[in-house]
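Colleague: What would the 3D arrangement of this be:
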Amino acid sequence: MLTKKLLLIKQLGCMPCEVMQPKAIELANKYNIGYGIIDRREIEESIRPTFTPYFFLLDPEGNKIAEWGGALEKIDKLETMIKENI
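Modeller: Residues are numbered from 1 along each chain as shown. The predicted model follows:
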C-alpha cells in the first residue's frame, strides 16, 4: 500500500539536521507515514531549499503536498504540517 512520505532534506555538517532526524522519524512513525532522507545537493535547483533542515511531505505518487523548514525549537510546526495534510 502506498503512503505519504516525510522527506528530510539535509546537508553534510548540518548539526540541526542531525538533531531533527530522530524527531522526524518519530513523527513519521506516530502518523504512520513513510520517511526518507535526501542530500540538498541532489534536489533540482529550482526547488532546492536555501537552508536545512527542510522537509517535504509527499503524496503516494511523490508529489510535494506541503513543506516546512526549521530546527528543533519549532518541531511542533512540523507536526502541525503533517497533521493538516494526512
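Colleague: Now do the contacts for the residue positioned nearest the centre of the chain.
Modeller: The centre of the chain sits closest to F55, judged by Cα atoms, centre = their mean, with a distance of 2.6 Å. F55 makes contact with 6-9, 24, 67-69, 78, 81 under the criterion Cβ atoms under 8 Å, 6 or more residues apart in numbering. C-beta coordinates here come from the backbone N, C-alpha and C atoms, glycine included.
Colleague: Looks to me like it is in a strand.
Modeller: Yes: residue state for F55 (DSSP: H, G, I helix; E, B strand; the rest coil) corresponds to a strand.
Colleague: Sort out for me which of the contacts of F55 are in helices.
Modeller: 24, 78, 81 (DSSP state H).
Colleague: So which of those is the closest to N63?
Modeller: Nearest to N63 out of the ones in helices among the contacts of F55 is M81 (Cβ to Cβ; 15.5 Å).
Colleague: Mind pulling the model confidence for the residue found closest to the closest one once you drop the neighbours it is linked to in the chain?
Modeller: Residue nearest to M81 in three dimensions, not counting chain neighbours: W68, with 4.6 Å by Cβ to Cβ, 6 or more residues apart in numbering. What the model reports as pLDDT for W68 is 94.
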